[in-house]
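> the following block contains a protein sequence and its predicted model.
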Number of protein chains: 2
Amino acid sequence: MKGLVLLFLTAATAAGLLVSTTPASGQGSGEAVPIFGIKIPPGYRDWKFVSVAHEEGNLHSIGAVLGNDTAYHAFHDGKLPFPDGSIIAALHYTHSPSAENDKVFGDPQSFVAGAPTNIQFMVKDSVKYASSGGWGYAHFDKDGKPGPEAAMKTCAPCHAKATRDHVFTKYAP
Amino acid sequence: MKGLVLLFLTAATAAGLLVSTTPASGQGSGEAVPIFGIKIPPGYRDWKFVSVAHEEGNLHSIGAVLGNDTAYHAFHDGKLPFPDGSIIAALHYTHSPSAENDKVFGDPQSFVAGAPTNIQFMVKDSVKYASSGGWGYAHFDKDGKPGPEAAMKTCAPCHAKATRDHVFTKYAP
């Protein structure tokens, strides 16, 4: 139940064997993930903000969940199930202490987004992804390399445990 | 150096004496803060995502920083100083453990955005706010009530210690 199973809640990194080729800086394209065939959606970095999350344990991750317009409106309106066309993005970073901020505050209390670790996506298509609850899943490391097949197989079974149409994140007002 | 001094890095709450009247749910308007005369900017909840932050100490806060188009492009491009017209929003929530997520993970490791605590803004106007480094500051509690004058006076001196045009937050790619 570790690693990519923690999709959308973690900063799990893809297998270290992967070679970096494509920057995951919101420009889209690149290679598609196994099983679900999803590439990095163009423009995702400019999508609207849904919520934030912080994962400890062995992850030490802080991240933001963004949604394309379809997903965002469903989150905002509490509309379930998510409509086809919804895409949810999770941007993960190291949960890093900020020496600059702590110096101003006078206490070691400030943690910020450090280096990017991975980006993950959920794509709603009730026909194409009928066998995985209507959602396709994707994981890309910090350089845009897709997660390996074995890891991608773990996404859907874990998300099936979420109580809001396979989505763990709730909208932050 | 506590309380509102920690603007944009904290979830400091405004004085508990304030009476709730205006929901701070991204609809704008409401009362203006003392000194700087800033109201909640309409539509701020839909602005683009800049970064995330987590404050411990006695704050237990998690938040997101968003920017209007002018501020966002300055963040993205690393353009300093920020141009006039830039508005930066900090949305703060309680840093709350997620029993639902932890149950799926099998470990107590997941923290999410809980109840909203406050929203804060920085507005760049190098003429109007010349005496405070070109920035006006605003703090509203969870119900949209402006922070008190004494607290608002602490914003600018603290932000003057930031090394990037009075802004602590860095763009998260």
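Yep, it's here.

> remind me which residues of chain A are low pLDDT?
Low-confidence regions of chain A, defined by pLDDT under 70, span residues A:1-29.

> can you show me the helices along it?
Taking DSSP state H as the test, the helices found in chain A are A:69-77, A:99-105, A:149-152, A:155-159.

> I'd like the ones you listed laid out as TSV, including distance to chain B and mean neighbour count.
Every C-beta, even on glycine, is put in place using the N, C-alpha and C of the backbone. Converted to TSV, the helices of chain A look like this (distance: least, CB to the nearest CB, whole Å; neighbours: other CB atoms under 10 Å in any protein chain shown):
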stretch	distance to chain B	mean neighbour count
helix A:69-77	8	18
helix A:99-105	5	17
helix A:149-152	16	16
helix A:155-159	7	21
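
> strands of chain A, start to end?
All strands of chain A, identified by DSSP state E, fall at A:48-55, A:61-67, A:87-97, A:110-124, A:135-141.

> right, so those strands: which one is the most enclosed?
Mean neighbours per residue, mean count of other CB atoms under 10 Å in any protein chain shown, is largest over the strands of chain A for strand A:61-67, with a mean of 27.

> that strand near chain B anywhere?
Yes - for strand A:61-67, a contact with chain B is found by CB under 8 Å from any CB of the partner chain, at A:62-64, A:66.

> just want the angle from that strand to strand B:61-67.
50 degrees (axes from the mean of the first three to the mean of the last three CA atoms, to 10 degrees).

> Provide the strand pairings for strand A:61-67, with the direction of each partner.
Partners of strand A:61-67 in the sheet, by DSSP bridges, are strand A:48-55 (antiparallel), strand A:87-97 (antiparallel).

> and those strands as JSON lines, adding distance to residue B:121?
Formatted as JSON lines, these follow (distance: least, CB to CB, whole Å):
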{"stretch": "strand A:48-55", "distance to residue B:121": "15"}
{"stretch": "strand A:87-97", "distance to residue B:121": "23"}
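
> of all these, which lies closest to residue B:40?
Closest to residue B:40 of the strands paired with strand A:61-67, according to CB to CB: strand A:48-55, at 16.3 Å.

> and residue A:56, how far from chain B?
Distance of residue A:56 to chain B, computed by CB to the nearest CB, to the nearest Å: 5 Å.

> so who does the nearest residue to that residue once chain neighbours are set aside touch?
Excluding the flanking residues, the one nearest residue A:56 by CB to CB, 6 or more residues apart in numbering or on different chains is residue B:109, at 4.6 Å. Applying CB atoms under 8 Å, 6 or more residues apart in numbering or on different chains to residue B:109 gives the contacts A:55-57, A:59, B:102.

> farthest pair in the residues you listed?
A:59 and B:102 (12.8 Å).

> touching, residue A:115 and residue A:93? I think so.
Yes - at 6.5 Å, residue A:115 and residue A:93 qualify as touching, with contact defined as CB atoms under 8 Å.

> beta-bridge partners for residue A:48, please?
Assigned bridge partners for residue A:48, using DSSP bridges, are residue A:67, residue B:48.

> these two touch, right, it and residue A:65?
No - Residue A:48 lies out of contact with residue A:65 (CB under 8 Å); the separation is 10.1 Å.

> look up phi and psi at the residue nearest to residue A:56.
Per-residue torsions, residue B:109: phi -130, psi -10 (degrees, to the nearest 10).

> again with residue A:31
With angles defined as degrees, to the nearest 10, residue A:31 sits at phi -80, psi 150.

> what's the local residue count around it?
Neighbour count of residue A:31, defined by other CB atoms under 10 Å in any protein chain shown: 14.

> for residue A:33, see how far away the closest residue to it other than its chain neighbours is.
Leaving out its chain neighbours, the residue that sits closest to residue A:31 by CB to CB, 6+ apart is residue A:146, at 5.1 Å. For residue A:146, the distance to residue A:33 (CB to CB, to the nearest Å) stands at 4 Å.
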